[in-house]
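Q: Sequence and predicted structure, then a few things I'm wondering about:
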Amino acid sequence: MSDKNKVVELEDVIIKFAGDSGDGMQFTGNQFSDTSVNAGNDLATFPDYPSEVRAPQGTIAGVSGFQIHIGGKDIHTSGDLADVLVAMNPAALRKNLKWVREGGTIIIDIDNFDNKHYKKAGYEEDPLNDGTLKGYKIIKAPITTMTKSSVKELDSKVALKTKNQFVSGMLYFLFNRELEQGKQFLRQKFKNKPKLVEANIDVLEAGYHYAETLEAFETTYRIISAEKTGSFRNITGNVATAWGLMAAAEKSGRPLFLGSYPITPATEILQELSSKKNLGVKTFQAEDEIAGISSAIGASFAGNFGVTTTSGPGLSLKSEAAGLAVMTELPLVIVDVQRGGPATGLPTKPEQSDLLQALYGRNGESPVVVMSAATPGDCFHAAFKAGKIAMEHMVPVILLTDGYLANGSELWNIPDVDSMPNIKPPIAKANDEDYAPYRRNPETLAREWAIPGTEGLRHRIGGLEKEDVSGEVSHDALNHEIMVKYREEKVQRIANYIPEQPIYGNEDGGDVLVVSWGGTYGAVYTAVSELRKQGKDISLAHFEYIKPFPKNTREVLSKFNKIIVTEINNGQFVNYLRAHFPEFNYLQYNKIQGLPFMIYELKDKFNEILEEK
Amino acid sequence: MSDKNKVVELEDVIIKFAGDSGDGMQFTGNQFSDTSVNAGNDLATFPDYPSEVRAPQGTIAGVSGFQIHIGGKDIHTSGDLADVLVAMNPAALRKNLKWVREGGTIIIDIDNFDNKHYKKAGYEEDPLNDGTLKGYKIIKAPITTMTKSSVKELDSKVALKTKNQFVSGMLYFLFNRELEQGKQFLRQKFKNKPKLVEANIDVLEAGYHYAETLEAFETTYRIISAEKTGSFRNITGNVATAWGLMAAAEKSGRPLFLGSYPITPATEILQELSSKKNLGVKTFQAEDEIAGISSAIGASFAGNFGVTTTSGPGLSLKSEAAGLAVMTELPLVIVDVQRGGPATGLPTKPEQSDLLQALYGRNGESPVVVMSAATPGDCFHAAFKAGKIAMEHMVPVILLTDGYLANGSELWNIPDVDSMPNIKPPIAKANDEDYAPYRRNPETLAREWAIPGTEGLRHRIGGLEKEDVSGEVSHDALNHEIMVKYREEKVQRIANYIPEQPIYGNEDGGDVLVVSWGGTYGAVYTAVSELRKQGKDISLAHFEYIKPFPKNTREVLSKFNKIIVTEINNGQFVNYLRAHFPEFNYLQYNKIQGLPFMIYELKDKFNEILEEK
Amino acid sequence: MSTTTDNTTQELTAKDFKTDGPVKWCAGCGSYSILSSVNATLPKLGVRKEDIVFVSGIGCSSRFPYYVKTYGFHGLHGRAMPIASGVKLANPELSVWVVTGDGDSMAIGGNHFIHLLRRNMDINILLLNNKIYGLTKGQYSPTTPFGSKTKTSPDGTIEHPFKPGELAMGAEGTFYARTIDTDPKMMKEVFLEAAKHKGAALTEVLQNCIIFNNKVHQEITDKDVKEDNTIYLKHGEPMIFGKENDKGLVLDGIKLKVVKIGENGITKDDILVHDAHEPDDTLHYMLARMALPEFPLALGVIRAHKTAVYDHMLEEQVELAKEHSKVKKLNDLLNSGEIVKKG
Amino acid sequence: MSTTTDNTTQELTAKDFKTDGPVKWCAGCGSYSILSSVNATLPKLGVRKEDIVFVSGIGCSSRFPYYVKTYGFHGLHGRAMPIASGVKLANPELSVWVVTGDGDSMAIGGNHFIHLLRRNMDINILLLNNKIYGLTKGQYSPTTPFGSKTKTSPDGTIEHPFKPGELAMGAEGTFYARTIDTDPKMMKEVFLEAAKHKGAALTEVLQNCIIFNNKVHQEITDKDVKEDNTIYLKHGEPMIFGKENDKGLVLDGIKLKVVKIGENGITKDDILVHDAHEPDDTLHYMLARMALPEFPLALGVIRAHKTAVYDHMLEEQVELAKEHSKVKKLNDLLNSGEIVKKG
Ligand SMILES: Cc1ncc(C[n+]2csc(CCOP(=O)(O)OP(=O)(O)O)c2C)c(N)n1
Ligand SMILES: Cc1ncc(C[n+]2csc(CCOP(=O)(O)OP(=O)(O)O)c2C)c(N)n1
Ligand code: SF4
Ligand code: SF4
Ligand SMILES: [Mg+2]
Ligand SMILES: [Mg+2]
């Protein structure tokens, strides 16, 4: 490392890598994340890629991005505006410029900044000379040329695929990272391809040395490391969900069965679990979503922990069978990784618009438990809790995550599975002479789980209304009313087994209460906590449990002058609150753009409300 | 007619026919209905049959019933408690006794009242002698024996099938009906089977003469005829729905296409329309519900009036495709004939528990129009209006009826189709150079219907988010927000095209407002109007339009001291009202028994509320 | 099917599988005799009674699980097969039976049907084919004969019906048998063969719906024509049929032909011998498609080909993975790969 | 397909069907050449350009309608066929095309696929079979070869794949052709044949997914083996193939066999002649199932059998009913039957 340079310490930094789908920006992003974790930083990341597998090169639609937020303090989101943007071509620049903070650094591959590329990107003028970039620090690096010349021996197509390592090299220098870690990452990724390792390392070094000699980089940075203690790893929401489900299986002694059909952005959960046969996980890639959930219900009937994973359109298709799980009172977890709707909608964009479908999207009176996860790492805990509730209360649980959580990652404090709570499903005992399929635990109202293969418990269940206790098919009028109420009450009683709703901020109440749920947590929490640091009277109630509500919900809401409900949809949770706690007045802040909240947007809105009298 | 008997005039009478599934009670009920219509009575009927095709003979599960309410004044329901019960066997008696009014007449086939039949029916004692029937007037007729002896020439199996005509004959006498009308009905039904006609007529006459000579029938009755003027016919809700859809097709000039999959209690709509090819109706019995709705969407795209019909579980399956209709902004009517849920639930019982699914059961922000029908005959008008809205506003409409409306019938004032309003869909003009798939009418916000085959309008639509005006696929953030709001606003603006919410009773407000929707109308209206006759301060707002609300809804609700919302579910509409008009306090009255409201239950409840201070 | 044997179960009889409650099919429904044949077959499986599971969809036929005293699941319309797949994969030791109708399996459930067959899961499917929707009272089904007038086809259907056996083979099915509700002896023989088959075993049972489609099978059930109109195929036996046992099937090029033994010099030895185990299904496909009046309807086990079974392979993959992996508990996984310890 | 002809359309060219916007498949995707072959075929249909409708589901292949300048409907995953059915039944004059993938048509859409085929609606289906889920980035599909390692089958799939042609015939399909993205000439010939077929025409196009399943078809596309590994079947022509045009197919009992002309006394006349129009599909079924290494893969129109078409029959029933009924308007219906007039 050159010591003629000044090294500045940073609390945190936001870097966005952007280029064509083929430019390897996701790879570089992941490489930088890994290295940052090893360097002891806290971090959160978010990839942002086109919905086409490979959209046309050089166009806006084809830009693939990866944002990473690294720092020493608690990092809760992948960040609002980037401090550093890497733009491999004009389209990447054009698409992302509005997401770079004033005064930020922009590294461009100058080799791609020509009229041909401008046209593809939709630039009418040369953005380098028309004032577009005023106020930014522009670093024009001949990335393509330099890459090619560092790996002359390779054919030029292959050579171009290593361009991203030139970028990595530059950033390793800029942020005073150890180059060895980058190399290690490459050796790991291309385990069986020593030639690729070599070429990539050559380019990585070339980038590093180029930056070292570059005057623009006279200042380099060191990001302070996080103060957290424990064991950590970088984890995405989908992987965390998969592992949380496995934790529930392990702690219940019930093998995990996943019946699923691929759909963006939920597919990785299926992919992750399909490689976990070593831990006894069975996955079944079904012919469609209906078969996915139906097989999970069948597996639950047979004594497995049945799970199905999907996104909005798939949840629609699962509606009828979800009702069957309600009627048969079997454990089932349905994970819905929400994306933009309606219909096929915006398949790769996050949204929180499946809430009402999760609550109400089934025929008849059909109550299920609805929960949400707050951060990528929290997906693990939420999935575990969903499994615990499903199995202990014999009930379907819908867990809502979203595309932002699913693909985003954060530094995650690895829990010790041994010290997690056990899960104790109400399994019926062999030859219990008093066994009746719809006999209920008087506290939880859960029926027992009588597993095929068990002696003396042969019985039949199904989707027709059941007689109380005996479980025989019944069309009796009063029985139906009793059973409808039991099913609802069973869900409501789960409130006795979940924590009270916490308030972050003024627990005794105050002026403004922000209410949120699900994947907006990071942004909302950060906004509220920054305003609190400024002395504002603002607090946060972030809901993990949606149905049933935590027992103290009414009390929490009653303690504040103003309630503002923030959601990435057109106001679903707020209407649900209105229906159940109509005595309060709710303000709402909604964004329906297939994008997460920016912290600054939230702060602006909250300040507005704080100032209103 | 013997004139030694006294003839008493009746305002109305409720008769229930009940017997084994094979006893022909539905047939007799229909025969009596037809005759009553011809006699100038108003009427309403309701069949009530087991969910098994033929449940075991002689058992409670196997009882098939048919209730008919005939009268001179406006008849709004098939009635609470029967004045006359025909019970062909002990099971029929046991199942229906609680639905006979005190002092009512019970006609039994004494031939079936023996220990064998008692056992099957679950009677431990002989009900004829243990006091069970105290307070009723019992007529013990040897129906089986007499029938057999009137048609000795027939083999006994065939003979037994005519038993129901013996019953008919008795009732024709009891109610001073013209026997010729009953004969005419038989000639019509067994058009090509003269032998059957003859045998049935013999038995009908035998029953009539038996009654004539019977002492128990010293008093006979004449039901006064209705004061309505116009042309009338007896119509069930499902047939009325089918015809209403045809009316919308005829008035719009767009051929009717129905894509559907059979499901109780909606199947008759498909059956009825499949026989209407003479009027250009095309029906497609699809392989499942998803294909049913998808084909209807395809047909709408191609310029037909696309419709799909189903019940709750089928609506679940149609969720995803309903969202496609929202996104593509094509006309579509989805008829949901509600039944008891959740899951397969109570397939033959009515319930109003699909409301929330209709409103919210789709992924993403996915607004549709939701309407309901009030009476069997109103199904015609509701279906017509649903078609008009769907085609003029380019929007999917969910029309909620239920099993009670669907199978029930009433005397229906035949409308003149020529004087019904025209339907004017916004069809795009050939070679319109300014045509853009998502260009909207500034008033309605409806886009135009550009029908394949039209020159100069080739375009592509689909389920991905669309760019405003151009209709190109768009992942743009702000565009998505705009389009989400457009879709919602388009539905809300329909409020400008529907009537204001009427109040039956005190239009300027008062003490109690009863709120109801859908198929409970007859019972709720009757209860309210009877109380009003007693001078009670009670009014009714029965909602036909659920989304959007009629414009004056808030005003209507604000005019009363107390609001009570009555529904055949666990409180779905009331929660929807709470979410949208949280400023009011709502009481609720719910019944979840797979049964319609009884008028007396409602009156009791309303009186209770009227008395509360 | 699962081969779990248990010595204590050897004395099971049909009674052990009879439920107490009433059976709610119409008097005269063909399903009754199917039920008794199934109940008579179950004790012969050598499986503990608590290891048997019946799964169904919705339809008259799908009420079956209520009448068999085993574990049972009355699912959703069309979804018996994926529910059964979940049951089987969760616990491959169970003997899993699906009972379904022609609408349940081939209308709404058509996709699950072809996928279960191609996956070759070790599940027995009894398809009660009455060529009509019974429970909903008489609409045409995917197997209703072309041109039939039903409640939803007042002018006659315009759909070419599926032939379940043909569809099964098109979907890579490994076992297909056809039998009929009027022949309990054959049913029992065929059900047992199906149960023994390792893999997905489809048995089509022609069933009479006395109410909505009475006599749809009469050409093959009427006493006087039955023997001439059907052929009971048995593995290893010549394809001979007829009242006089004098008719047989031979190949004429790649078409089947009915011949009379003793005429035109034809002897018994010229008649085709049935090989249900042949992997190539061409002949099975032809046999399954034979139709009156030219041909007799084929009954019995038409195809029974052994090949890799989904649930066996899954178990093997799981076992292998467990054996070879160092990750034995979730804690191992959580702490493998890129980890940083701090503090 | 619809036969609407319109004299003004005779000069249409492929350009008339090219859309302006960018085509968003990966560079090197096999779909590009399929698109140009389709665009080159459309002008030959003799159909007005506004009378053509392309319908698709979801998948890379299903983006097709955006790139053909006709009326188009990009539907839901798996639902192209019922949407297209609605379009066709609403207006049988339209020429309706479905473009679908192996997942779209045979995973989630499997049921609609078999039903459309059996109903024999006059719709053209182009099934782009890349044997993988492309759009969702590389999970196995129902046609993925047994044992393949994909993102969701890290230990190899344990599913027996469907063969689209075999499944189509099991479902009573009347037209089946197979072709390949590397052969534009053959594609154009086959697409035109499919378009001309009255009834449901299934054309399987083997398509290369360069990103997630590259070279899955290489055994039949590689220049040096292509001619020995495929046979292009043409109606009325002998089944001859091979680099030297010296191999042929003959029947050996009811099995197919590859022979060499000139060897063992085999002459050209011994070779089977392809009859795509034969109603009995046994031989078509065998041809569709031929697989390497024993047999060449059959390409071209394998089956094209004319029989009753659903949409034609429906139109006929409607016309007949209109003609014979006295009820001409809804008012007539409302006032027929049991009516009472009062007042
Ligand atoms: C989702 C759904 N759609 C439709 C129905 C209505 N339904 C019940 S059974 C049935 C058809 C039954 O036919 P089949 O499977 O042949 O059985 P069968 O009664 O003839 O034995 C239908 C359409 C339903 N219960 N659920
Ligand atoms: C209801 C629903 N389920 C799942 C998906 C996700 N999905 C989109 S395309 C696809 C598979 C595509 O495979 P294929 O049809 O073979 O098309 P290809 O991309 O290979 O051309 C899947 C699973 C979806 N969009 N909608
Ligand atoms: S309707 Fe038909 S299939 Fe159903 S129980 Fe009755 S006879 Fe059997
Ligand atoms: S992913 Fe495969 S199928 Fe999809 S566009 Fe790319 S190459 Fe074509
Ligand atoms: Mg059937
Ligand atoms: Mg594919």
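A: In hand now; what should we look at? Ligands and ions are numbered 1, 2, ... in the order given.
Q: give me the low-pLDDT residue ranges for chain C?
A: Scanning chain C for pLDDT under 70 picks out C:1-10, C:343.
Q: which parts of it sit against ligand 5?
A: By the rule Cβ under 5 Å from the ion, the part of chain C lying against ligand 5 is C:Gly101, C:Asp102, C:Asn130, C:Gly134. Glycine gets a C-beta too; all of them are placed from N, C-alpha and C.
Q: lowest confidence element among the helices and strands of chain A?
A: For chain A, the helix or strand with the lowest mean confidence is helix A:156-160, at a mean of 84 (criterion: mean pLDDT, DSSP states H and E).
Q: Pull out the buried residues from it.
A: Of the residues in helix A:156-160, those buried under the neighbour-count criterion (16 or more other Cβ atoms under 10 Å in any protein chain shown) are A:Ala159, A:Leu160.
Q: so how far is the helix or strand following that helix off the chain centroid?
A: Beyond helix A:156-160 on the C-terminal side, the first helix or strand identified by DSSP states H and E is helix A:163-174. The chain centroid and the centroid of helix A:163-174 are separated by 27 Å, computed with Cα atoms, centre = their mean, to the nearest Å.
Q: how far does the helix ranked longest in chain C sit from the chain's center?
A: Residue-count comparison of every helix in chain C, with assignments taken from DSSP state H, identifies helix C:310-324 as the longest. Here the centre of mass of C-alpha atoms in helix C:310-324, compared against the chain's by Cα atoms, centre = their mean, lies 27 Å away.
Q: Which of the residues of chain C next to ligand 5 fall in strands?
A: Using DSSP state E, the members of these that fall in strands are C:Gly101.
Q: which of the residues of chain C next to ligand 5 has the most neighbours?
A: Neighbour tally across those (other Cβ atoms under 10 Å in any protein chain shown): the maximum, 34 neighbours, falls on C:Gly101.
Q: Which strand residues bridge it?
A: C:Leu128 (DSSP bridges).
Q: contacting residues around it?
A: C:Gly57, C:Gly59, C:Cys60, C:Ser61, C:Ser62, C:Leu127, C:Leu128, C:Asn129, C:Asn130, C:Tyr133, C:Gly134, C:Ser141 (Cβ atoms under 8 Å, 6 or more residues apart in numbering or on different chains).
Q: Which of the residues you listed are buried? Put it as a ChimeraX command.
A: A single ChimeraX command is used to select the members of those judged buried by 16+ other Cβ under 10 Å:
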select /C:57,59,60,61,62,127,128,129,130,133,134,141
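Q: The contacts of C:Gly101 into TSV, with extra columns for distance to ligand 2?
A: Rendered in TSV, the data for the contacts of C:Gly101 read as follows (distance: Cβ to the nearest ligand atom, whole Å):
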residue	distance to ligand 2
C:Gly57	21
C:Gly59	26
C:Cys60	31
C:Ser61	29
C:Ser62	26
C:Leu127	28
C:Leu128	31
C:Asn129	31
C:Asn130	33
C:Tyr133	27
C:Gly134	31
C:Ser141	26
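Q: For burial, what's the neighbour tally of the spatially closest residue to A:Glu205 that is not a sequence neighbour?
A: Spatial nearest neighbour of A:Glu205, chain neighbours left out: A:Gly169 (6.3 Å); criterion: Cβ to Cβ, 6 or more residues apart in numbering or on different chains. Using other Cβ under 10 Å, A:Gly169 is surrounded by 28 other residues.
Q: Quick check: A:Gly169 vs chain C, distance?
A: Shown here: A:Gly169 relative to chain C, a distance of 20 Å by Cβ to the nearest Cβ, to the nearest Å.
Q: roughly how far apart are C:Val273 and ligand 4?
A: Using Cβ to the nearest ligand atom, to the nearest Å, C:Val273 is found at 48 Å from ligand 4.
Q: Can I take it that A:Glu481 is in a strand?
A: No - in this structure, A:Glu481 is helix, not part of a strand, as judged by DSSP: H, G, I helix; E, B strand; the rest coil.
Q: from what I can see it touches B:Gln593, true?
A: Yes - A contact is recorded between A:Glu481 and B:Gln593 when judged using Cβ atoms under 8 Å, the distance being 5.2 Å.
Q: Could I get the contacting residues of A:Leu315?
A: Taking Cβ under 8 Å, 6+ apart as the definition, contacts of A:Leu315 comprise A:Ile334, A:Asp336, A:Asp354, A:Gln357, A:Ala358, A:Gly361, A:Ile398, B:Asn363.
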